[in-house]
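Peer 1: Pasting a predicted model and its sequence here:
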Amino acid sequence: MTARWVVDEVRPHRDLRVTWQPISLYVKNEPAEGSRAHRPLQLTHRLLRVLESVRSAGGDVERLYLEYGRRIHHEGTLDWDPADALAAVGLDRSHAGAFDDDRWDDEIRRRMDAGLDLCGDDVGTPIIAMDDRDGVRTGYFGPVITRVPGTAASLELWDALQALVSVPGFWELKRTRTERPDVGEPPVIPPLSEERRSPEG
């Protein structure tokens, strides 16, 4: 929901350049084999490997991330072939080979640790990093939202977050969540133009 908030409501109205980075709750939380969390977190970790393969080839990781979200949250299933998700957004199906290739795990860990270094290890996802008013890179866990606010409220939330990152000594705001996420409509992923296609596909 936080990603959709940034993409759908904030970025079109603010001068943002978004760089997507991985965080693997499978690596971070180390769910016990056989536990309820093990299979979904292991699967999403493997999907991050595919994202990093795409990134390494100069492909559009945002398009793939949104396609993952559409399949997981809107179709409500984890049972699909990552090659089909790649093809759906105009990326080469061969990146699906990274799904079972643990050589990508070091890169996932490196990028993930860079985010955790900004805000501490006792957090989850999402993490947003930005520069404070002095140009110092700062990261926060959150905001955790259950639905994407309308444009005006979305921009107020973004501007408030920007203000908070520049307040020395500010650490946390939190309240108990009383509703499940409302994922809304699936993301609209426009067709990939010929100019934006990755070299391999």
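Peer 2: Received it, and whenever you're ready, just let me know what you need. All values reported here derive from a predicted model rather than from experimental measurement.

Peer 1: For the chain, which segments are assigned as helices?
Peer 2: All helices of the chain, identified by DSSP state H, fall at 2-4, 25-29, 38-56, 61-69, 82-88, 105-119, 151-164.

Peer 1: Tell me the buried residues in the first one?
Peer 2: Read it as helix 2-4. Across helix 2-4, burial judged by 16 or more other CB atoms under 10 Å covers Ala3, Arg4. From N, CA and C alone the C-beta is placed, and that goes for glycine too.

Peer 1: Tell me the helices and strands packed up against that helix.
Peer 2: Packing partners of helix 2-4 (3 or more CB pairs under 8 Å, 6 or more residues apart in numbering; DSSP states H and E): helix 61-69.

Peer 1: at 10 Å what do you get?
Peer 2: helix 61-69, strand 127-131 (3 or more CB pairs under 10 Å, 6 or more residues apart in numbering; DSSP states H and E).

Peer 1: will you turn the ones you listed into TSV that also has mean neighbour count?
Peer 2: Supplementary listing: those in TSV, determined by neighbours: other CB atoms under 10 Å:
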stretch	mean neighbour count
helix 61-69	20
strand 127-131	17
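
Peer 1: Export these to TSV and append columns for mean pLDDT and distance to Ala87.
Peer 2: Listed next are the helices and strands packed on helix 2-4 as TSV, based on pLDDT from 0 to 100; distance: least, CB to CB, whole Å:
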stretch	mean pLDDT	distance to Ala87
helix 61-69	96	10
strand 127-131	94	30
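
Peer 1: Distance to Arg109 added to those, as TSV?
Peer 2: Below are those laid out as TSV (distance: least, CB to CB, whole Å):
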stretch	distance to Arg109
helix 61-69	17
strand 127-131	15
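
Peer 1: Hmm, Asp134 is touching Val167, no?
Peer 2: No: with contact defined as CB atoms under 10 Å, Asp134 does not reach Val167; the gap is 11.8 Å.

Peer 1: Nothing else from me, thank you.
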